[in-house]
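Undergrad: Return atomic coordinates for the entry below.
(chains A and B, ligands or ions: 3)
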Amino acid sequence: MYDMKALYQAKSVEDAVVLRLAHPEAQIIAGGSDVLVQMREGRRAGAELISIQTLDEIRGVSMEDDGTLRIGSLTSFSHITRDPLIQKYIRVLGEAVDQVGGPQIRNIGTIGGNTCNGVTSADSASTLHAWDAIVELTGPQGVRRQPIAEFYIKAGQVDIREGEIQTAILIPRESYENCFGHYIKYAMRNAMDIATLGTSVNVRLSADKKTVERARVAFGVAGPVPLRAAHAEALAAGQPVSLDLADRFARAVKEDINPRDSWRAAKDFRLHIAVESARRAFIESVKLAGGAL
Amino acid sequence: MEKHQIQYQTVHFNLNGKDVEKTVDVRASLTDMLRNDYHTLSVKKGCEVGECGACNVLIDGETFNSCIYLAVWAEGKRIRTLEGLMGPEGELSDIQQAFIDEAAIQCGFCTPGFIMSAVELLESGREYTDEELRKLLSGHLCRCTGYENILRAVKKTMYRRLGKEMPTA
Ligand SMILES: Cc1cc2nc3c(=O)[nH]c(=O)nc-3n(C[C@H](O)[C@H](O)[C@H](O)COP(=O)(O)OP(=O)(O)OC[C@H]3O[C@@H](n4cnc5c(N)ncnc54)[C@H](O)[C@@H]3O)c2cc1C
Ligand code: FES
Ligand code: FES
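TA: Ligands and ions are numbered 1, 2, ... in the order given. Next comes the predicted model:
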């Protein structure tokens, strides 16, 4: 038995909003792989829960008319990895979430939960930052869209307002077209471990594959929330593809990141793996994009 | 002050091929319901926080740790536990026999969970590499066997079902 005060089961997104307003103290439960564990540990003991688990309307991946990729907030990690649209347009996201926990966790864990928990180590978060994802929230005033970087307020806290739930993660066409990316999860074990550092890089090359048109890089666990490394991105934009560029790009990430000492790893070690992961992920992304170096 | 009342809800689902219905406390996990109300005791309580896989069951064909799944979410689902693998005369299934043959069981606490993950991958009809098999089984902890025998039991059964010779290497 869970130490739960009450359970309200939403029948639709609209109903979830009504329940949120009626029970402002209640917490949303989607897959429950954070909520139920924290309830068991006592951190959320005695809480009221609003379950959105059965809202199939916000589950699954689709393409909108303007080419925006829509990932319903309740889509599980394993379904994201297997999805043909994800594989075609943002394969790295499927690869990143395929490194969450183990198979059973990937069947229950949702991308909505992985972003709404505001956790810097969340395996989807760095890739979503690196691809300029848009977070869609539905509330009493209707739908609100927000760039993911603004959605994160501080460690463990995101911008979900009164009565709102997150309904989708959107990737605009401009953000994925001709882009290729690679994610590196650095952890102590290959399965069932939280990232010591997560690095997600993607590039778009010129038609002749010789110039980097745009490079983007984001990290998890390099700060209290996932973050981009703007200096490195600016340095690489418009530059000819080369191994030297990979080195300079990787070193430049140190300008923007601010990892801390924790029991998992020391700050210096995190800085070291950030540079090395950025270099490797950059090289891999360029290769995926058809570049030679 | 709102009074803390116990809430019940009736759930209808299919358990190992049989349609069932039960009125449960909304605070129950699926493990609680399967063990207490249906006596499917193959579903173990290990860590109860999603780490060990001892409580693993198949829900609509996918593996889930039932300790972090609310019983009321079972509504309309097809749930399978190890008990459902038993033949009409109480016979063991091929994968269970393989676990015995390969000494993939010692204390047995992790076994039902491992076997349900094995069932999912075996029923996919695909041939997996060792690396893929390790990844597909990585959501389970075993404190006795050291995993190699478990991997071999699953692999042998996979090749037997595919009607292929197991590569020796
Ligand atoms: C054993 C184990 C291993 C794990 N390993 C990893 C790992 O390797 N990498 C990793 O990133 N995570 C890992 N996790 C954490 C967890 O599985 C993920 O964070 C998952 O994405 C959470 O999703 P959920 O649907 O289960 O979230 P829930 O537990 O349901 O919710 C998480 C939080 O988000 C809020 N929320 C959820 N959905 C919405 C919504 N649509 N709108 C508004 N608020 C919402 C909830 O209120 C809660 O605060 C692990 C968990 C376990 C138990
Ligand atoms: S008892 Fe459910 S995962 Fe350990
Ligand atoms: S046989 Fe004892 S835990 Fe696996």
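Undergrad: how about stretch B:116-136, does it reach ligand 2?
TA: No - figure legend: stretch B:116-136 not in contact with ligand 2 (CB under 6 Å from any ligand atom); closest approach 11.7 Å. (Each C-beta comes from the backbone N, C-alpha and C, glycine too.)
Undergrad: Give me the residue ranges of chain B where confidence is low.
TA: Counting by pLDDT under 70, chain B contains low-confidence residues at B:1-4, B:169.
Undergrad: ok, 90 please
TA: Applying pLDDT under 90 to chain B flags the ranges B:1-6, B:168-169.
Undergrad: and it, what are its domains?
TA: B:8-81, B:94-162 (automatic domain parsing).
Undergrad: so how far does the first one reach from one end to the other?
TA: Spelled out, it's domain B:8-81. 24 Å (CA to CA, to the nearest Å).
Undergrad: Equivalent analysis for the last one, please.
TA: Its start and end residues considered, domain B:94-162 measures 13 Å (CA to CA).
Undergrad: So A:Arg216: helix, strand or coil?
TA: strand (DSSP: H, G, I helix; E, B strand; the rest coil).
Undergrad: Now stretch A:225-244: average pLDDT?
TA: Stretch A:225-244 carries an average pLDDT of 98.
Undergrad: For the residue in the stretch 151-293 of chain A that ligand 3 sits nearest to, which residues are in contact?
TA: Ligand 3 sits closest to A:Met192 of the stretch 151-293 of chain A, with a gap of 15.3 Å, by CB to the nearest ligand atom. Contact analysis of A:Met192 by CB atoms under 8 Å, 6 or more residues apart in numbering or on different chains lists A:Gly101, A:Gly102, A:Ile105, B:Glu51, B:Ser138, B:Gly139.
Undergrad: What's the separation between the nearest residue to B:Ser117 once chain neighbours are set aside and B:Ala104?
TA: Distances taken as CB to CB, 6 or more residues apart in numbering or on different chains put B:Thr63 closest to B:Ser117, at 5.3 Å, once the chain neighbours are dropped. Distance, B:Thr63 to B:Ala104, using CB to CB, to the nearest Å: 18 Å.
Undergrad: what's the most buried one of the domains of chain B?
TA: When those are scored by mean count of other CB atoms under 10 Å in any protein chain shown, the highest mean neighbour count falls to domain B:8-81 (a mean of 20).
Undergrad: roughly how far apart are A:Arg82 and chain B?
TA: 11 Å (CB to the nearest CB, to the nearest Å).
Undergrad: Dihedrals phi and psi, the nearest residue in space to that residue that is not next to it in sequence?
TA: Excluding its sequence neighbours, the residue lying closest to A:Arg82 (CB to CB, 6+ apart) is A:Gly94, at 7.6 Å. Main-chain dihedrals, A:Gly94, degrees, to the nearest 10: phi -60, psi -40.
Undergrad: Could you double-check that A:Gly94 sits in contact with A:Pro84?
TA: No - using CB atoms under 8 Å, A:Gly94 and A:Pro84 do not qualify as a contacting pair, with a distance of 10.1 Å.
Undergrad: When those two are compared, which one has more neighbours?
TA: A:Gly94 (21 against 8; other CB atoms under 10 Å in any protein chain shown).
Undergrad: Might you report the residue contacts of the residue in chain A that ligand 2 sits nearest to?
TA: Nearest to ligand 2 in chain A, going by CB to the nearest ligand atom, is A:Gln104, at a distance of 7.3 Å. Contact partners of A:Gln104, counting by CB under 8 Å, 6+ apart, are B:Gly50, B:Gly53, B:Asn56, B:Thr63, B:Phe64, B:Asn65, B:Ser117, B:Gly139.
Undergrad: Under a three-state scheme, what state does the second one occupy?
TA: Following three-state DSSP, we place B:Gly53 in the coil state.
Undergrad: Next, the contact list for it, please.
TA: Counting by CB under 8 Å, 6+ apart, B:Gly53 makes contact with A:Gly102, A:Gln104, B:Gly46, B:Asn65, B:Cys110, B:Gly113, B:Phe114, B:Ser117, B:Gly139, B:His140, B:Leu141.
Undergrad: 6 Å - rerun?
TA: B:Gly113, B:Gly139, B:His140 (CB atoms under 6 Å, 6 or more residues apart in numbering or on different chains).
Undergrad: could the contacts of A:Met192 go into JSON lines alongside distance to A:Pro24 and secondary structure?
TA: Supplementary listing: the contacts of A:Met192 in JSON lines, determined by distance: CB to CB, whole Å; DSSP: H, G, I helix; E, B strand; the rest coil:
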{"residue": "A:Gly101", "distance to A:Pro24": "31", "secondary structure": "coil"}
{"residue": "A:Gly102", "distance to A:Pro24": "35", "secondary structure": "coil"}
{"residue": "A:Ile105", "distance to A:Pro24": "30", "secondary structure": "helix"}
{"residue": "B:Glu51", "distance to A:Pro24": "32", "secondary structure": "coil"}
{"residue": "B:Ser138", "distance to A:Pro24": "40", "secondary structure": "coil"}
{"residue": "B:Gly139", "distance to A:Pro24": "36", "secondary structure": "coil"}
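Undergrad: which two from those residues end up farthest apart in space?
TA: Across these, the longest distance by CB to CB is 11.7 Å; it joins B:Glu51 and B:Ser138.
Undergrad: ok, A:Arg173 - contacts?
TA: A:Gly67.
Undergrad: if we go to 8 Å?
TA: A:Asp66, A:Gly67, A:Thr68, A:Leu69.
Undergrad: Repeat that for A:Arg260.
TA: A:Lys267, A:Arg270.
Undergrad: What of A:Gly291?
TA: Here A:Gly291 is in contact with A:Val203, A:Leu205, A:Lys209, A:Lys210, A:Val241 (criterion: CB under 8 Å, 6+ apart).
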